[in-house]
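In: The amino acid sequence is not available; the structure is as follows:
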DNA sequence: GTCTATAGAAAGATAGAC
DNA sequence: GTCTATCTTTCTATAGAC
């Protein structure tokens, strides 16, 4: 064997190392929020040392910016009509906020990071650019952006109580009953408001 | 003058010192959450040293438990009927989640502390014992606790987006329009669900 | 009852070797 | 391209003087 003794260094490949760090960061930040994880831990999950996180992303904050972009950019639901929006949003919310569901999602990332003002500002900007902009395009009538933000508020609140806090009623309720209640509530916002 | 030189020690009074620490902690935790503030800072706001916090409350976590109790125990609204509940909740939510409103309130304390699992558990227990229990008593029909938690989710979500994240639509919307939208949405949850 | 001083852990970021 | 080692700060909590 020509392999030298001592721990074998990771294969040197900037692109795959960078991606490994980003993947580990997405998982970690979505599950524990910006302040809940350290760069050491993310680096260890990616199989590298903490130094490389700063080498590739400048700082923990720079890494978080990329994570937010990756997680918030893809649409959660792709509806055709406002009625479709209500139905699919209620469906997706109930499914994805279930206790055992995949924790990698934009709402959990937001909720767990929002207490940090720097992280909240990064999330706010990306949320407006991606999520709110999409919702506002789909809602007919006046106050489209405002109603989009209200709709998003309901999604965030349910996520908070059901998945982050874990109140027993929302954990134990039959999913179809929760879906019915949510759809009825969201429909009020999705329909064009009475102008006055 | 008989005053000795050097910094004057605080007047020794256990009860008032304890209360000063608790008051400072309520303000600090409500504005920045459990992990956002250190014991040193709370102590400094109360005019004492960090050591006394642990002396009177055992630990930062013990102090937080008392703060949660103080903030969550008093009811935010005291309605007589379900319709009253909807109207007053929408009113109070719009007024108290306004950008310039008093930050000392149960929702902000919850939202800013929930990312920490220990703090979340403390908040969860107190929220069930106080807030959810009150709501469930007021809602007629089946699934009272579950609908109470949904109602609370809407309140938390609006608070999150309007006051913590600060999305522009919810910051700039005329308060009466927001109140109208919220009341319409909450009414769907407050009315007894169709059984079956 | 309150203080100063410090222990002990963990965080983000950087220097310099290989 | 990646590592080890370290700097600096910040945190909770405790020991012991007055």
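Out: Everything's here; your move. Just so we're clear, the structure is a prediction, and the values are computed from it rather than from any experiment.
In: CA only for contacts and neighbour counts going forward, please
Out: Fine.
In: Of all residues in chain A, which one is closest to DNA strand C?
Out: residue A:38 (3.3 Å; C-alpha to the nearest atom of the strand).
In: Write out the residues of chain A neighbouring chain B.
Out: A:32-33, A:36, A:111-116, A:120-121, A:124, A:128, A:145-146, A:149-150, A:152-158, A:160-161, A:164-167, A:169-170, A:173, A:181, A:184-186, A:188-189 (C-alpha under 8 Å from any C-alpha of the partner chain).
In: now, which of those lie within helices?
Out: Secondary structure from DSSP state H places A:32, A:111-113, A:120-121, A:124, A:145-146, A:149-150, A:152-158, A:169-170, A:181, A:184-186, A:188-189 of the residues of chain A next to chain B in helices.
In: Those residues, buried ones only, as a PyMOL selection?
Out: Per 16 or more other C-alpha atoms under 10 Å in any protein chain shown, the buried members of these correspond to this PyMOL selection:
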select buried, chain A and resi 32+111+112+113+120+124+145+146+149+150+152+153+154+155+156+157+158+169+170+181+184+185+186+188+189
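In: can you narrow the ones in helices among the residues of chain A next to chain B to ones near DNA strand C?
Out: For DNA strand C, no contacts are drawn from those by C-alpha under 7 Å from any atom of the strand.
In: so where's chain A uncertain?
Out: Applying pLDDT under 70 to chain A picks out residues A:1-12, A:195-196.
In: tell me the contacts of the residue in it that chain B sits nearest to?
Out: Closest contact between chain A and chain B, by C-alpha to the nearest C-alpha, is at residue A:157 (3.6 Å). Contacts for residue A:157 (C-alpha atoms under 8 Å, 6 or more residues apart in numbering or on different chains) come out as B:152, B:153, B:154, B:155, B:156, B:157, B:158, B:160.
In: The third one reaches residue A:158, doesn't it?
Out: Yes: applying C-alpha atoms under 8 Å as the test, residue B:154 and residue A:158 come out as touching, 7.0 Å apart.
In: check contacts around the closest residue to residue A:32 other than its chain neighbours.
Out: Of all residues not flanking residue A:32 in the chain, residue A:112 sits nearest, at 6.3 Å (C-alpha to C-alpha, 6 or more residues apart in numbering or on different chains). Residues in contact with residue A:112 (C-alpha under 8 Å, 6+ apart) are A:30, A:31, A:32, A:33, A:34, B:114, B:115.
In: Could you rerun that using 7 Å?
Out: Shown in contact with residue A:112 (C-alpha atoms under 7 Å, 6 or more residues apart in numbering or on different chains): A:32, A:33, B:115.
In: Can you add distance to residue B:86 and give the residues you listed back as a markdown table?
Out: Formatted as a markdown table, the contacts of residue A:112 follow (distance: C-alpha to C-alpha, whole Å):
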| residue | distance to residue B:86 |
| --- | --- |
| A:32 | 34 |
| A:33 | 33 |
| B:115 | 29 |
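In: do you know how far the spatially most central residue of chain A is from residue A:46?
Out: Centroid check for chain A by C-alpha atoms, centre = their mean gives residue A:106 as the closest residue, at 1.1 Å. With the distance defined as C-alpha to C-alpha, to the nearest Å, residue A:106 ends up 21 Å from residue A:46.
In: same check, this time on residue A:118
Out: With C-alpha to C-alpha as the criterion, residue A:118 and residue A:46 are 24 Å apart.
In: So those two - more neighbours on which side?
Out: Set residue A:118 next to residue A:46 and count neighbours by other C-alpha atoms under 10 Å in any protein chain shown: residue A:46 wins out with 20 against 13.
In: Run the contact check for whatever helix or strand residue A:64 lives in versus DNA strand D.
Out: Taking DSSP states H and E as the definition, residue A:64 sits inside helix A:60-72. No: interface with DNA strand D: helix A:60-72 contributes nothing (C-alpha under 7 Å from any atom of the strand), its closest point being 14.7 Å away.
In: Could you tell me how far that helix lies from the centre of the chain?
Out: How far helix A:60-72 lies from its chain's middle: 11 Å, per C-alpha atoms, centre = their mean, to the nearest Å.
In: counting contacts, what elements does the helix or strand hosting residue A:84 pack onto?
Out: According to DSSP H and E, residue A:84 maps onto helix A:82-96. With contacts taken as 3 or more C-alpha pairs under 7 Å, 6 or more residues apart in numbering or on different chains; DSSP states H and E, helix A:82-96 sits against helix A:175-190.
In: Any idea how far the helix it packs on is from the middle of the chain?
Out: 21 Å.
In: ok and it relative to helix B:144-159, angle-wise?
Out: 40 degrees (axes from the mean of the first three to the mean of the last three C-alpha atoms, to 10 degrees).
In: Show me what helix A:175-190 packs onto, helices and strands only.
Out: Using 3+ C-alpha pairs under 7 Å, 6+ apart, helix A:175-190 sits against helix A:82-96, helix A:144-159, helix B:175-190.
In: Tell me what angle the first one forms with helix A:144-159.
Out: Spelled out, that is helix A:82-96. 20 degrees.
In: neighbouring contacts of helix A:82-96?
Out: Under C-alpha under 7 Å, 6+ apart, the answer for helix A:82-96 is A:77, A:79, A:102, A:138-139, A:155, A:175, A:179, A:182-183, A:186-187, A:190.
In: buried subset of those?
Out: A:79, A:138, A:139, A:155, A:179, A:182, A:183, A:186, A:187, A:190.
In: Save those residues as CSV, and put in distance to residue B:22 too.
Out: Shown next, in CSV, are those (distance: C-alpha to C-alpha, whole Å):
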residue, distance to residue B:22
A:79, 49
A:138, 48
A:139, 46
A:155, 34
A:179, 41
A:182, 39
A:183, 42
A:186, 40
A:187, 43
A:190, 44
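In: Right, I'll call it a day here.
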